[in-house]
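J.: Take this sequence and fold it.
(2 chains)
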Amino acid sequence: MSKTRVIEIEPITRVEGHGKVTIHLDDHNNVREARLHVVEFRGFERFICGRPYWEVPVIVQRLCGICPVSHHLAASKAMDMVVGAKRLTPTAEKIRRLMHYGQIMQSHVLHFFHLCSPDLLFGFGSAPESRNVLGIIEKMPELAVQAVMMRKFGQEIIKATAGKKIHGTGSVPGGVSKNLSIEERDVFLRDIDQMKKWVRSALDIAKKYTLENLDAVRAFATFNSSHLSLVREDGALDLYNGNLRAIDAGGNIIFDQVDSRQYNDYIMEEVKSWSYMKFPFIKSRGHIDGWYRVGPLSRMNTCGFIDTPEAGKALQEFKSLTNGNPNHMTLAYHWSRMIETLHCVENIEKLLNDPDLQGTDLLVRGDRAEEGIGVIEAPRGTLFHHFKVNENDQVTFCNLIVSTTNNNEAMNRAIRNVAQEHISVKPKITEGMLNHVEVAVRSYDPCLSCATHAIGKMPMEIEMYGPEGNLVDRKGQYL
Amino acid sequence: MDKIIIRIDGAEIKGKPGQTIMQAADDAGIHIPRLCDVEGLEPQGSCRVCTVKVNGRTAASCTQPVADGMEVENDTLEIRNYRRDLVRMLFHEGNHLCPCCEASGRCELQNLAYQLGILQPDKYPYLQPVRPVDASHPDVMLDTNRCIRCGRCIRASIQLDHKNVFGYIGRGINKQVGVNGKNLAQTNVDIHDKAVALGTCPVGCIIQKRAGFFDPIGKRRFDLHPAGTKVEDS
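T.: Prediction:
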């Protein structure tokens, strides 16, 4: 009878939250299985029950410190339904959009530069001592400063619209609590050209990396999958609002222009015993084949076009790499992410020049409803918030499908793919091997805290067990 | 005697007959922190945050009448430490989640904590009591998780609204504010009552429904009058 041995990578570094990877090897050191486990639990869906609905956009954003605005806005959109605000005032919608674009900009910049660029710029197997953001500061100080300043710009947009850079309160059921003053606007207009210049440069880094290492990028954690996102009615990329579109690996439409409030008719979640993170799938394709990807790469694949000129052109170039067919390369998430960052900066500039931002009509009310669903494109992908509220204004039901949860199966496939390529038939673990597995996870920019509504630290450890269950090797970032 | 002379932290001030130490201090522009006391209501002297030392003995300044020749210690290390411990205990006894509370920014407990340098109440174990939320009334909600038993709602209901909506229930550590009825919906409370008006409850225990978070950060009560300025003036 053949025996397996298990390698554990725990926790994974440079991601948000606490997770581990286990890799199961057979007698011949072939990878039989690789899994991403999210091992902590917080239970927001339960303890939100009983709270008044207007608290929800403020409470649920505490899931995350990186993209709280996405949760803040998704919950607000759900509560718009509850208070009967079918259409927000122009000022409210534009303030929320500005907040959202600032949020995606800062999150994408954080992910690309602070978390991932050390792998891309120094190499997956380079010396771990300098393969981090401090290494970037030391060896590429100008780039590091640009990254910090771009992120700051996004954070300041959030502060101006939400009240605070992290965990603000600007979006309320039915609208927003403040507009953008002329003084606040002018500060951003002063810096917008510089931001565009730097983001163009960042996009160039991501594009060049992909094209100059195309064979390696194609070979690294590339696999066919379906993709899902919101798109506008005309098929354009829309990060704040839209309808659901899903395509299969060949680019064929699975469903399109589905009202996101009917997500439950199209998406289900499966529970597996070894992870707190659920496995969503497209109902019509079943739980085996119905898994899909979300996030920047998926949005590039699902949308027909981008309506801002520079990002629109960048999308065409991106799509030409695969002749208009879906791009399934995991490392292409980075290029996609930077296209979106440029899209955000273009939209921020457009909004800053819109006088509606100084409007004073901030709130809308209508017929009270007992159920609200809000869907938004968060930095990491499609985010679903679903609540029920009783006649006393208290939440009685909550379901959150966060971006990382949507990518659960995809991340497991990416890990398996990399493990088979880089760990199979290798008797000894190396640090570089360990980092390859992390690079695959990191490409998705997973927020494991959000995914299970958990929080944790991120030192990493990898253990290899022999067929008898004995520990034969152990590596870790902080051992 | 028309004027009564007392000294607070060495500064000579004049009080009037019948005034409390707190009233005399307010008139003189000397700040004494407080929670259960608010203008317009009879003082209760229950929170003890306004504790001062009078001629060497502790007393609640909101109830202690001025007397000629009093030597009052207010802003001393010893008194600040007393107050800090009292405020800490209020946090530990209840379930005060400032990050998600709509009273954040206008909460007198939170403001006082900042004023006293309590950024993370961590001196004592959290009791984490299980307390009910009464959302039965169409316009008013009672979340006793945040109650500090200051009794301002009780006094306002009786003294200003001439009703008797709120009252204490339980004893000792289990004492908390309740309503004189099965729930809020069964009482005669009205959204226009002074007892439920903004500013009567110093924390987020009594809130008016569907109005939370409408004040943007930067425009809330204590954003405009930051911690350390006079609570009674803001």
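
J.: Contacts only, for A:Lys197.
T.: Not one residue lies near A:Lys197 by Cβ atoms under 8 Å, 6 or more residues apart in numbering or on different chains. The C-beta positions use only the backbone N, C-alpha and C, and glycine is treated the same way.

J.: Please report how far it lies from A:Asp204.
T.: Applying Cβ to Cβ, to the nearest Å, the value for A:Lys197 to A:Asp204 is 11 Å.

J.: got it, and A:Met338?
T.: For A:Met338, the distance to A:Asp204 equals 8 Å [Cβ to Cβ].

J.: Tell me which of the two has more neighbours.
T.: Here A:Met338 and A:Asp204 are compared on neighbour count by other Cβ atoms under 10 Å in any protein chain shown; more neighbours surround A:Met338, at 26 against 12.

J.: residue contacts, that one?
T.: A:108, A:112, A:199, A:202-203, A:205-207.

J.: hmm, 6 Å instead?
T.: Each residue near A:Met338 by Cβ atoms under 6 Å, 6 or more residues apart in numbering or on different chains is listed here: A:202-203, A:206.

J.: closest point of chain B to chain A, which residue?
T.: Nearest residue of chain B to chain A: B:Ile217, at 2.8 Å (Cβ to the nearest Cβ).

J.: tell me how far the lengthiest helix in chain A is from the chain's mean position?
T.: The longest helix of chain A (DSSP state H) is helix A:182-212. How far helix A:182-212 lies from its chain's middle: 20 Å, per Cα atoms, centre = their mean, to the nearest Å.

J.: any idea of the mean pLDDT in it?
T.: Throughout helix A:182-212, pLDDT has a mean value of 97.

J.: next structured bit after that helix?
T.: For helix A:182-212, the following helix or strand on the C-terminal side (DSSP states H and E) is helix A:214-219.

J.: tell me which residues of that next one are tucked away?
T.: By neighbour count on 16 or more other Cβ atoms under 10 Å in any protein chain shown, the buried set for helix A:214-219 is A:Val217.

J.: interface residues of chain A facing chain B?
T.: Contact residues (Cβ under 6 Å from any Cβ of the partner chain) of chain A with chain B: A:54, A:58-59, A:163-164, A:169, A:172, A:177-178, A:392-394.

J.: Quick one, which of those are buried?
T.: For these, buried by 16+ other Cβ under 10 Å: A:54, A:58-59, A:163, A:169, A:172, A:177-178, A:392-394.

J.: Identify the residues contacting the residue of chain A found nearest chain B.
T.: Nearest residue of chain A to chain B: A:Gly163, at 2.8 Å (Cβ to the nearest Cβ). A:Gly163 sits next to A:169-170, B:216-217 when contact means Cβ under 6 Å, 6+ apart.

J.: low-scoring stretches of the chain, by residue?
T.: Using chain A here. For chain A, residues meeting the criterion pLDDT under 70 lie at A:1-3, A:11-19, A:38-42, A:446-479.

J.: please go with chain B instead
T.: Applying pLDDT under 70 to chain B flags residues B:1-2, B:226-234.

J.: any idea which element B:Ile154 lies in?
T.: helix B:152-155.

J.: All set now, cheers.
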